[in-house]
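1. Sharing a model that was predicted from the sequence below.
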Amino acid sequence: MAKTILITGASTGIGRSTALYFSEKGWNVAATMRTPEKGADLSDYPNIKVFKLDVLDETSIKKAIDDTIRTFGDIDVLFNNAGYGLVGAFEAMTQEQIKKQFDTNVFGVMNVTKAILPYFRERDGGTIITTTSMGGLITFPLYSIYHGTKWAVEGFMESLQYELRQFNIRVKNIEPGAIKTEFENAIEFVSMDVYKDYAPKAHQNMLDGYKNAPTGEVVAAKVFEAANDNSFRLRYAVGGQSPMLLFLRRVIPNSWFFAMVRNVVEKGVVKKSMG
Ligand SMILES: NC(=O)c1ccc[n+]([C@@H]2O[C@H](COP(=O)([O-])OP(=O)(O)OC[C@H]3O[C@@H](n4cnc5c(N)ncnc54)[C@H](OP(=O)(O)O)[C@@H]3O)[C@@H](O)[C@H]2O)c1
């Protein structure tokens, strides 16, 4: 019987690429999204069904899981992928913006994960794959809150894997570098006057990193590897600079790593009292 993956945030980017990739490999795909009209064309594929799921709405999560099981008979893999970036000067961000970022990127992942666990326990196994980021293990300027969410998910999943192993439930994190998707367009950038010499330029330097970035297919292939390698391996770095930067972070002193990041991201930034 064909296996089934349920993907969150499948309207664009990595989620959509993963839906198409798994479908080509013969999997059943529940491509879930908060606005199903955005991915309506995915329903043209015989083994893809589009369901409504907003990671902030627990009723929609439960319904999408039930609909997937009713349609395909099973769920083998949950792919927690929905997310976006709140970027800029921390001081300038409202509590509402910060809360929405954590709600989506952290509590959204927890909501969907919690909803699938009883089903995975009952069927004696399953795989939970989550798009964290290389930014779940390293940091860049202006991404403090986004990193806060991704580091939270890395820690959450790293701990969760221990208690779920007894139920044959695998926990896997996909850690992409810069990937060409809608992510950069969806970034919510926030600044204020006192950061005017720093934030816009540093932000632009970060965005420049997307210019030659690979597309979502490279991540989709890595998700496929994680779904099929029958291992309990937790981390999969993929795309652009991710494997190299994560390696460097492990082997060089923090101060060298931070200097390297400043050199790249603060290039052209007006250097006033920056030491
Ligand atoms: N692109 C990168 O460089 C990069 C690097 C590392 C990690 N990531 C992570 O990869 C994941 C996918 O991002 P992407 O690059 O593919 O960007 P994307 O093209 O903007 O896709 C993001 C997806 O998340 C969905 N989403 C946002 N809020 C949601 C909610 N409340 N409920 C359900 N879906 C929601 C979006 O839906 P709508 O269409 O409705 O907005 C969209 O489908 C994110 O978790 C992101 O943090 C991206």
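-> Structure received.

2. then the longest strand seen in the chain to PDB, C-alphas only?
-> Longest strand of the chain, by residue count under DSSP state E: strand 169-176. Taking C-alpha atoms only, strand 169-176 is exported to PDB below (Å, rounded to 0.1, in the frame of the first residue of the first chain):
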ATOM      1  CA  ILE A 169       7.900   7.200  16.600                       C
ATOM      2  CA  ARG A 170      10.800   8.900  14.800                       C
ATOM      3  CA  VAL A 171      11.500  12.600  15.300                       C
ATOM      4  CA  LYS A 172      13.500  14.300  12.600                       C
ATOM      5  CA  ASN A 173      14.500  18.000  12.000                       C
ATOM      6  CA  ILE A 174      15.200  19.400   8.500                       C
ATOM      7  CA  GLU A 175      17.600  22.300   8.800                       C
ATOM      8  CA  PRO A 176      17.600  24.300   5.500                       C
END
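
3. secondary structure class for residue 64?
-> The three-state label given to residue 64 by DSSP: H, G, I helix; E, B strand; the rest coil is helix.

4. Begin at 20, not 1, for the rest of this chat.
-> Done: numbering now begins at 20, and the last item shifts to residue 83.

5. what about it, how many neighbours?
-> Here the number of neighbours of residue 83 (other Cβ atoms under 10 Å) works out to 24. No exception for glycine: its C-beta is placed from N, CA and C like everyone else's.

6. tell me the contacts of the closest residue to residue 21 other than its chain neighbours?
-> By the measure of Cβ to Cβ, 6 or more residues apart in numbering, the closest residue to residue 21 outside its immediate chain neighbours is residue 47, 5.2 Å from it. Applying Cβ atoms under 8 Å, 6 or more residues apart in numbering, we find residue 47 in contact with 21, 22, 23, 24, 66, 67, 68, 90, 91.

7. For residue 47, give me phi and psi.
-> The phi and psi torsions at residue 47 (degrees, to the nearest 10) take the values phi -80, psi 140.

8. So which bits of the stretch 70-219 of the chain are right by the ligand?
-> By Cβ under 6 Å from any ligand atom, the residues of the stretch 70-219 of the chain that approach the ligand are 73-75, 100-103, 123, 127, 150, 152, 195, 197-198, 200-202, 205.

9. just the buried members of those?
-> 73-74, 100-103, 123, 127, 150, 152, 195, 197-198, 200, 202 (16 or more other Cβ atoms under 10 Å).

10. that older thread, how much space between the residue nearest to residue 21 and residue 40?
-> Spatial separation of residue 47 from residue 40 under the definition Cβ to Cβ, to the nearest Å is 13 Å.

11. And the pLDDT at residue 20?
-> You'll see residue 20 listed with a pLDDT of 88.

12. Surely it and residue 46 touch.
-> No - taking Cβ atoms under 8 Å as the contact criterion, residue 20 and residue 46 are not neighbours in contact, 10.8 Å apart.

13. These two - which one has more neighbours?
-> Here residue 20 and residue 46 are compared on neighbour count by other Cβ under 10 Å; more neighbours surround residue 46, at 22 against 8.

14. All the helices of the stretch 170-294 of the chain, residue numbers only.
-> 202-205, 218-227, 235-247, 261-270, 273-284 (DSSP state H, counting those that start in this stretch).

15. Ok, which of those comes nearest residue 177?
-> Between residue 177 and the helices of the stretch 170-294 of the chain, the shortest gap by Cβ to Cβ is with helix 261-270, which sits at 14.2 Å.

16. shaky segments in the chain?
-> Along the chain, the model assigns pLDDT under 70 to residues 289-294.

17. Could you count how many residues lie near residue 166?
-> If we define neighbours as other Cβ under 10 Å, then residue 166 has 19 of them.

18. if I pick it, what's in contact with it?
-> Residue 166 touches 154, 155, 158, 159, counting by Cβ under 8 Å, 6+ apart.

19. how about the residues you listed, which pair is most distant?
-> Checking the contacts of residue 166 against each other with Cβ to Cβ, the farthest-apart pair comes out as 155 and 159, at 12.1 Å.

20. quick one: which of those two has more around it?
-> The residue with the greater number of neighbours, taking residue 155 and residue 159 and applying other Cβ under 10 Å, is residue 155; the counts read 27 against 20.
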